[in-house]
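**Q** My questions concern the predicted model and sequence given below.
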Amino acid sequence: PAKDWWVFEAASWALAAQRMPPERRRVLWQEPLPAVELADRLRRIRLFDFVSVDELFRVASLGRQVRHETGRTLCQEGQAAETLHFVLDGRVTLQSGKGRRTEVAAPDVISFEDVLEGHPVRATAVALEPTITLTMTTEEFLTLVSENVEIAQGIFRLLLETRCAPAWRTVVHGEL
């Protein structure tokens, strides 16, 4: 047996990468992604821009990898936002009852604002192709944020860069 599991799985992944192209490996690889690969993919999500490598490994170990086949629903509009989905591989479509449709490609996050606000899910998310997500319950994510200043800073930066940010930057002057 391997003495250091992370080294073993990273070496297996590297050997597979050397032997076949990424598209073929993506189809054949049925095991969970190695922790090193998870950390690498998570670091590409803006939320984790300021997070240390150690914290990325911590996030990777707290979440659960889920493989979604084409057409599978990840979350349903109107239901409670109980799970945060970090899209690590693949593409997902978000469709709201208002007819708005958006495509999300890895790496990205689904239901982020819904989880943060405690709001029901605003759009149904469906896998457009085989997709791998790292999922975390709302409680797990909020606990993680409360324990990590770097992730909290990443959230504020992400929120300030969204399309709603100009309205938030408005200063309202009070009167005495």
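**A** Alright, I've got the coordinates.

**Q** From here on, just use CA atoms for contacts and neighbour counts.
**A** Fine.

**Q** Show the pLDDT at the nearest residue to Leu74 once chain neighbours are set aside.
**A** In this structure, Leu74 finds its nearest non-sequential neighbour in Ala125, 5.3 Å apart by Cα to Cα, 6 or more residues apart in numbering. pLDDT for Ala125: 97.

**Q** I'd like to know which elements the helix ranked longest in the chain is packed against.
**A** Looking across the chain with DSSP state H, the single longest helix is helix 5-19. Identification of packing neighbours for helix 5-19 by 3 or more Cα pairs under 8 Å, 6 or more residues apart in numbering; DSSP states H and E yields helix 35-42.

**Q** Now do the helix it packs on against helix 5-19, angle only.
**A** Angle between the axes of helix 35-42 and helix 5-19 is 70 degrees (criterion: axes from the mean of the first three to the mean of the last three Cα atoms, to 10 degrees).

**Q** and helix 35-42, how far from the chain's centre?
**A** With Cα atoms, centre = their mean, to the nearest Å as the basis, helix 35-42 stands 11 Å off its chain's centre.

**Q** Check stretch 93-108 too.
**A** 14 Å.

**Q** what does that stretch contact?
**A** Here stretch 93-108 makes contact (Cα atoms under 8 Å, 6 or more residues apart in numbering) with 41-42, 44-45, 77, 86-92, 122-128.

**Q** All the strands of this structure, in order from the start?
**A** Ranges of strands within the chain are 64-68, 73-75, 83-89, 91-95, 101-105, 108-110, 124-127, 131-137, based on DSSP state E.

**Q** strand partners of the fifth one, parallel vs antiparallel please.
**A** In other words, strand 101-105. If you go by DSSP bridges, strand 101-105 pairs up with strand 91-95 (antiparallel).

**Q** Give the rounded mean pLDDT of the partner strand.
**A** 96.

**Q** tell me which residues in it are buried?
**A** Buried residues in strand 91-95, counting neighbours by 16 or more other Cα atoms under 10 Å, are found at 91-95.

**Q** got it, and stretch 110-117?
**A** Within stretch 110-117, the residues that qualify as buried are 110-115, counting by 16+ other Cα under 10 Å.
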